[in-house]
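**Q** build me a model from this:
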Amino acid sequence: MLDFGLLKVGESKTKSLSIKNIGKIEISIKEVNLQDSSLYHFTNDYSNTLLQPGESRAIKVVYSPTAVSNMDSDSLIIKTSKANYTYPIIGKADIDESVQEFDNSIIKVAPNPIAGQAKIEITTYSYRYLKIYLCNLEGKKVLTVANYDAPGNKQEFTFDATNIVPGTYTLFIELDNKIYTSKIIIAR
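**A** Here you go, the predicted model:
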């Protein structure tokens, strides 16, 4: 099993899995695949790699979450000339106490559903870092509203959703070391 543990969105972690030829004849790695390649990738191409008896090879997988996720059903699949192997992959992104649903006394988004422009109002303690972005349900970032150091205690942001495909999205607001999320609907 490859366990990537807990990562923050935007971070990456690499894990290695070693394959050793314990037989008496050469084997070849025919194919190395991931069930979900949108969150994981390899550091090298491992297809058509020959392993002599006693030789081993490390297969390195990189997990780079782009949105909140809880991966518990993915697998690394290795096909060799002798057998096929499946290794479960697990990992979580931003599933900890710093991720919270919006607190309406701190963050307000209106209107929701959004047909054109929306306003985000943040009223909270003084903060040093602010990042606001919108992701689709597949975890792809579709819009960055703000990304800077913004000392203050009240900020208003307006964003235009007219060029975004209608659907359900997740709005992320990072204030210092806390991440707030809310479902946003883009409508026409």
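
**Q** do you know the pLDDT at Gly152?
**A** For Gly152, the model assigns a pLDDT of 66.

**Q** strands of the protein, residue ranges please.
**A** 2-7, 13-20, 27-34, 40-42, 49-51, 56-63, 69-80, 84-93, 99-101, 107-110, 117-136, 141-160, 167-175, 178-186 (DSSP state E).

**Q** CSV for those strands, including mean neighbour count?
**A** All C-beta atoms are positioned from the backbone trio N, CA, C, and that covers glycine. Formatted as CSV, these follow (neighbours: other CB atoms under 10 Å):
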stretch, mean neighbour count
strand 2-7, 15
strand 13-20, 14
strand 27-34, 16
strand 40-42, 17
strand 49-51, 16
strand 56-63, 16
strand 69-80, 16
strand 84-93, 16
strand 99-101, 14
strand 107-110, 16
strand 117-136, 16
strand 141-160, 13
strand 167-175, 19
strand 178-186, 17
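
**Q** center of the chain - which residue?
**A** Pro65 (1.8 Å; CA atoms, centre = their mean).

**Q** please verify my assumption that that one contacts Glu138.
**A** No. Counting by CB atoms under 8 Å, Pro65 stays clear of Glu138, with 11.9 Å between them.

**Q** point out where the protein drops to low pLDDT.
**A** Scanning the chain for pLDDT under 70 picks out the ranges 1, 5-6, 8-10, 35-39, 66-73, 91-105, 124-126, 150-154.

**Q** ok, and the closest non-adjacent residue to the residue sitting furthest away from the middle of it?
**A** Centroid-distance maximum for the chain: Lys24 at 41.5 Å, with CA atoms, centre = their mean. In this structure, Lys24 finds its nearest non-sequential neighbour in Pro53, 5.4 Å apart by CB to CB, 6 or more residues apart in numbering.

**Q** how close does the one you found get to Lys30?
**A** 18 Å (CB to CB, to the nearest Å).

**Q** ditto for Glu121
**A** To Lys30, Glu121 is 56 Å away according to CB to CB.

**Q** and if you look at Pro113?
**A** Counting by CB to CB, the gap between Pro113 and Lys30 amounts to 49 Å.

**Q** check Asp3 too.
**A** 26 Å.

**Q** Ser16 now?
**A** Relative to Lys30, and taking CB to CB, Ser16 is found at 20 Å.

**Q** again, but for Arg128
**A** 51 Å.

**Q** ok, now Ile185?
**A** Taken as CB to CB, the span from Ile185 to Lys30 is 45 Å.

**Q** on that earlier part again, quick one, phi psi at the residue farthest from the centre of the chain?
**A** When read as degrees, to the nearest 10, the backbone of Lys24 gives phi -110, psi 0.

**Q** surely it is in contact with Gln52?
**A** No. With contact defined as CB under 8 Å, Lys24 and Gln52 do not form a contacting pair (10.3 Å).
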